[in-house]
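Enquirer: give me a 3D structure for the following:
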Amino acid sequence: MLGFVLLLLAGCGGATRDAPRSEHSKQPYRVASLGDREPLATGITCADGAGSSIRETSYAAVVRHVAVAYAQPGRDRLHGRYGRIDQNGYPTVFGVVDVRTDGDCKPTWYRMQLPVAPNGSTGWVAARAVRTYRVVSRIFVKLSTRRLVVFRFRRPVFRARVAIGAPQTPTPVGRYFVNERFLISDPNGPFGVAALGISAHSDVLKDWVQGGPIALHGTDDPASIGSAASHGCIRLANNDMRRLFALAPAGTPVSIVR
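Expert: Numbering: from 1, shown residues only. Now for the predicted structure:
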C-alpha cells in the first residue's frame with residue numbers, strides 16, 4: 001500500500017521547520033509507480049550503447065539494494081552510498097549516460113546522472129547494483145516561450161504552456177531527468193494534482209530544504225501559467241499536469257533551455 005507523507009520538494013515547497021519552503025506547502029502526497037517503461041532482461045549491451053556510450057536510446061536505472069557512485073569505476077568515491085529508497089520515500093532512480101562492458105559485451109559499470117547538487121553530477125555505479133530499463137519519452141522546456149513539449153519515440157505528442165521561475169529565483173537550465181513521481185491527495189494546493197521531481201536544484205536557494213530541488217507540478221493558481229512566477233519549479237495547469245504525468249516515467253530526460 002502506498003503511504004502518505006509530507007511533500008518535500010524543497011525548491012517548490014517542503015515540510016521541515018527550520019529550512020525555508022518556497023511554496024510553503026504541506027500537501028500530503030502518494031508515492032506513484034515508476035510509470036510506463038521497458039524493462040531490460042540482460043541490461044544495456046554493446047549494441048544498445050553503440051560500443052561504450054549511450055547515444056540514441058534513453059536509459060534509466062533503479063537501485064536494487066545499495067549503490068555506490070565513484071569518480072572512476074571502482075575507485076575514488078564521489079557521492080557516497082545510495083539506498084533503494086530515497087529521502088522522500090521514492091525508489092532511487094538514476095539516468096544512464098555511459099556504460100562499460102566486459103569481453104562478452106555485458107555491462108560491468110554504468111556512468112549515472114545523479115539526482116544531487118551540483119547540477120549535472122555523475123558517478124560510476126556497478127552494474128550489479130541496479131536494474132536498467134529503456135525510456136521512450138523526453139521532456140523539452142523552453143523558458144523564453146514558457147512552453148513544454150513531450151516527445152515519444154522522437155515525435156511530439158503533447159504541448160503545454162507553463163509558468164517558470166521568477167527573475168530572482170530562476171529555473172536552472174540544463175539536462176536533467178525525472179527522479180520522483182508523486183500524486184497529490186488534495187489538488188487545492190500549490191502543487192496541484194501531481195508533481196514530477198527532477199534532478200535539478202536551484203542555483204540560488206542553497207539553504208532551502210534538501211538544497212532547493214526543482215519539480216514539474218500542477219498548481220492552484222492557473223492565472224500564473226505563462227508567467228515567471230515560481231521559486232524555480234515549472235508549473236502546469238492541472239489538466240495538463242495529469243497528461244504529462246502519464247507520459248513521463250521515472251528516468252525521463254528533461255531538457256531546459258533558455
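Enquirer: what's the domain layout of the protein?
Expert: Here the chain is described, according to automatic domain parsing, as comprising the domains 4-35+136-257, 38-135.
Enquirer: all strands for the stretch 51-200 of the chain, in order.
Expert: 58-63, 66-72, 75-83, 93-101, 107-113, 122-126, 130-135, 137-142, 147-152, 155-161, 164-165, 174-184, 194-201 (DSSP state E, counting those that start in this stretch).
Enquirer: out of these, which one sits most buried?
Expert: strand 194-201 (a mean of 27; mean count of other Cβ atoms under 10 Å). For every residue, glycine as well, the C-beta is placed using N, CA and C.
Enquirer: listing partners with orientation, what would you give for that strand?
Expert: strand 174-184 (antiparallel), strand 213-217 (antiparallel) (DSSP bridges).
Enquirer: about what we covered before: ok, of the strands of the stretch 51-200 of the chain, where does mean pLDDT dip lowest?
Expert: Here the lowest mean pLDDT among these goes to strand 75-83, at a mean of 81.
Enquirer: chain center to it, what's the gap?
Expert: In terms of Cα atoms, centre = their mean, to the nearest Å, the centre of strand 75-83 is set 19 Å apart from its chain centre.
Enquirer: so which elements touch it?
Expert: strand 66-72, strand 122-126 (3 or more Cβ pairs under 8 Å, 6 or more residues apart in numbering; DSSP states H and E).
Enquirer: wait, which of these is closest to R243?
Expert: strand 122-126 (30.6 Å; Cβ to Cβ).
Enquirer: what's in contact with that closest one?
Expert: 61, 67-74, 78-79, 94, 97, 100, 108-114 (Cβ atoms under 8 Å, 6 or more residues apart in numbering).
Enquirer: mind redoing it with 10 Å?
Expert: Strand 122-126 is contacted from outside by 61, 63, 67-80, 82, 94-98, 100, 107-114, 116, using Cβ atoms under 10 Å, 6 or more residues apart in numbering.
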